[in-house]
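Peer 1: I would like the atomic coordinates for the input below:
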Amino acid sequence: MGKGRGGSGGFGGGMNMKQLQQLQMKAMKMQKEMEEAQAALEEETVTASAGGGVVEITVSGKKEITAVKIEKEAVDPDDVEMLEELIMAAANEAMRKMDELSKERMDKVTGGLGGASGLF
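Peer 2: Numbers count the residues shown, from 1 in each chain. Predicted coordinates for the structure are as follows:
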């Protein structure tokens, strides 16, 4: 066996201690920023509508429905199925909007690393 470090045996691909410490500091900073962004996001709400605005659903950053608004003209006792579909459409759109807002906020923190939130 030869002397010195092998190219594949070192942690971090030959990273020195100072580089490793800098990487750890960056990771800790990113984690803190992500936690702050997540806490701020939980205070946000998004609203989506269906049927030309006859049904509106508001969703919090915690992905909880916080408000439902249904205009009287959307309520037809002979067509409950249509109202159910409008509610479902508005709720799904509100959840999609919240997912989009969440991704946008996290991408600002992670620099668009994609999936970095799963690292912490």
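Peer 1: would you mark the buried spots in the longest helix along the chain?
Peer 2: The helix spanning the most residues in the chain, taking DSSP state H as the definition, is helix 80-110. Neighbour-count burial for helix 80-110, with 16 or more other C-beta atoms under 10 Å as criterion, is recorded at 83, 86-87, 89-91, 93-95, 97-98, 101-102, 105-106, 109-110. Using the backbone N, CA and C atoms, a C-beta is placed for each residue, glycine as well.
Peer 1: also stretch 21-37?
Peer 2: Those would be Met30, Met34, Ala37, for stretch 21-37 by 16+ other C-beta under 10 Å.
Peer 1: check what pLDDT the second one gets.
Peer 2: Read it as Met34. At Met34, the pLDDT value in this model is 87.
Peer 1: list the contacts of Met48.
Peer 2: Actually, residue 48 is Ala rather than Met. Glu56, Ile57, Val59, Ala90, Ala91, Glu93, Ala94, Arg96, Lys97 (C-beta atoms under 8 Å, 6 or more residues apart in numbering).
Peer 1: which residue, neighbours along the chain excluded, lies closest to Gly53?
Peer 2: Glu71 (7.3 Å; C-beta to C-beta, 6 or more residues apart in numbering).
Peer 1: was I right to think the one you found contacts Val54?
Peer 2: Yes: here Glu71 reaches Val54: they are 4.3 Å apart, a contact under C-beta atoms under 8 Å.
Peer 1: what about Lys62, distance to Thr45?
Peer 2: 10 Å (C-beta to C-beta, to the nearest Å).
Peer 1: higher neighbour count, the two?
Peer 2: Thr45 (16 against 12; other C-beta atoms under 10 Å).
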